[in-house]
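[1] sequence plus predicted model, see below.
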Amino acid sequence: MTVHQVGIVKLSALVTAIISAGITTVLDPTVKVAIITGIAFVSAAFVTALAGIIIQVMNYRLAKLSLVAQHETHDVVTNVQKQTDGILSRMFTKSEQQGSELADTSQKLAHAEGHEEGRQAGVASEIDRQPPAKE
């Protein structure tokens, strides 16, 4: 029930109690009328109280279900976060390994280039060397 529906139930119960009390008082203004009028007001109060209790029970159940859904959502988000952290950690470790491998390869390449330059310089010096003098 929504708030508007509860208000309609309370108002209709009150109007019913007032109308029935008024009719009873007009028809027979004695002590028993006062008792009947009191019963009418009590019954109207009972109807509204019962509606209020039902609404409170429904709100409690709704809040409980909402809390359960919130905990389930939190658990799912936590698992996703852990998985994401694991994936990012593996990617970071892999990139560090690739970086160290790249540095090793770069050093080997620099050494090979230096060796090749030395070899080419040696070949060039052999070509530019004068033939030995004949005696």
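    Cool, got the structure.

[2] make it CA atoms for all contacts and neighbour counts henceforth
    Noted.

[3] how much space between residue 78 and residue 31?
    Counting by Cα to Cα, to the nearest Å, the gap from residue 78 to residue 31 is 70 Å.

[4] which elements pack onto the lengthiest helix in the chain?
    For the chain, the longest helix by residue count, based on DSSP state H, is helix 31-128. For helix 31-128, the elements it packs on are helix 3-27, judged by 3 or more Cα pairs under 8 Å, 6 or more residues apart in numbering; DSSP states H and E.

[5] list the buried ones in the helix it packs on?
    The neighbour-count criterion (16 or more other Cα atoms under 10 Å) identifies 9-10, 13-14, 16-18, 21, 24-25 as the buried residues of helix 3-27.

[6] can you check stretch 104-114 too?
    Taking 16+ other Cα under 10 Å as the neighbour-count basis, stretch 104-114 is seen to contain no buried residue.

[7] what's the local residue count around residue 42?
    Other residues near residue 42 number 14, with proximity taken as other Cα atoms under 10 Å.

[8] typed the wrong thing, it's residue 64
    Using other Cα under 10 Å as the criterion, residue 64 is surrounded by 12 other residues.

[9] and what of the one 3 residues further on?
    Counted by other Cα under 10 Å, the residues lying close to residue 67 total 12.

[10] check residue 47 too.
    Should you count by other Cα under 10 Å, residue 47 turns out to have 17 residues around it.
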